[in-house]
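A.B. asks: what's the 3D shape of this:
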Amino acid sequence: MVVDAVALSERVESMTSEQFDDLEVMYVENAPDVFRYLARRVGRHLAEDLTAETFRNAIESASSFDASRGSYGGWLFGIATNLVRRHWEAESIHLRALVDTRTEWVSGIDHTGDIGEGVSQRVDAELDAAALLEAVGSLGDGDRDLLFLAGWERLSSREIAEALGIKSGTVRVRLHRIRQQLHDELNQEPDGPATQGEAQ
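C.D. replies: From the prediction side, this is the model:
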């Protein structure tokens, strides 16, 4: 995305001293967390661009920020999450590539030979990682965003609610459902769930 540097500069220059100080505090206190979140979602290179884009959007819409509705952090994570959604296709391809790479590595190992306990454990870990990546990749955009904000960023229900524009109670209910869904998918028998009436 091309940034209109002149318009952005004019916007900053039109700020009062107090607004500029608030902007500086917002950046210093939140930029590292926003960058780490984005780096985990889309990789460090793209995270640099998206972090800059997040704060550019924040500067442009600073007048719409309402401190009574939440913190700068929640607001910025909401902006960053919306930017990530626009780049989800690349993230989805990345996840599929990780799954394919791990699957190929695991399938190339002779499981019948004496490969030792350490390698055996690594094979299990690789299979688990591939299954988890595939399960996370199958989540809808909103559920994936919620899971990453809770799991990677350790945001509270209130902070996630601020970032995504939903209620705290909704966050807790959806997180429970998502975790249960992932648990069920990861613990499903290879041949699929037992049919109704089959002995458990």
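
A.B. asks: residue ranges with poor pLDDT in this structure?
C.D. replies: Under the criterion of pLDDT under 70, the regions of the chain flagged as low confidence span 1-14, 88-130, 189-200.

A.B. asks: Longest helix in it, please.
C.D. replies: Among the segments of the chain that qualify as a helix by DSSP state H, the longest is helix 17-42.

A.B. asks: which parts of that helix are buried?
C.D. replies: By neighbour count, with 16 or more other C-beta atoms under 10 Å as the criterion, the buried positions of helix 17-42 are 22-23, 26-27, 30, 34-35, 37-39, 41-42. For the C-beta atoms, the positions are set from N, CA and C on the backbone; glycine is no exception.

A.B. asks: go on, stretch 173-189?
C.D. replies: Of all the residues in stretch 173-189, those buried under the rule 16+ other C-beta under 10 Å are 174-175, 178, 182.

A.B. asks: Of these, which belong to helices?
C.D. replies: Judged by DSSP H, helices contain the following of the buried residues of stretch 173-189: 174-175, 178, 182.

A.B. asks: Same list (those) but as TSV, adding distance to Thr16.
C.D. replies: Written out in TSV, the entries for those read as follows (distance: C-beta to C-beta, whole Å):
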residue	distance to Thr16
Arg174	40
Leu175	40
Ile178	43
Leu182	48
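
A.B. asks: Check whether Leu50 sits in a helix, strand or coil.
C.D. replies: On the three-state scheme (DSSP: H, G, I helix; E, B strand; the rest coil), Leu50 is labelled helix.

A.B. asks: go on, the one 5 residues further on?
C.D. replies: Of the three states, Phe55 takes helix according to three-state DSSP.

A.B. asks: Could you pull up the contacting residues of it?
C.D. replies: 27, 31, 34, 76 (C-beta atoms under 8 Å, 6 or more residues apart in numbering).

A.B. asks: need these in TSV with distance to Met15, can you?
C.D. replies: Below are the contacts of Phe55 laid out as TSV (distance: C-beta to C-beta, whole Å):
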residue	distance to Met15
Tyr27	13
Ala31	18
Val34	20
Leu76	18
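
A.B. asks: from these, which is closest to Ser63?
C.D. replies: Taking C-beta to C-beta as the measure, Leu76 is the one of those closest to Ser63, at 15.5 Å.

A.B. asks: And Leu59, how far from Gln188?
C.D. replies: One thing to correct before we go on: residue 59 is Ile, not Leu. Using C-beta to C-beta, to the nearest Å, one obtains 47 Å as the distance from Ile59 to Gln188.

A.B. asks: and which of the buried residues of helix 17-42 is nearest to Leu164?
C.D. replies: Tyr37 (13.1 Å).

A.B. asks: Please, which helix or strand holds the residue lying closest to the closest one once chain neighbours are set aside?
C.D. replies: Counting by C-beta to C-beta, 6 or more residues apart in numbering, the nearest residue to Tyr37 once its immediate chain neighbours are dropped is Glu153, at 5.3 Å. Secondary structure from DSSP states H and E places Glu153 outside every helix and strand.

A.B. asks: And Glu153, its phi and psi?
C.D. replies: In terms of degrees, to the nearest 10, the main-chain angles of Glu153 are phi -90, psi -10.
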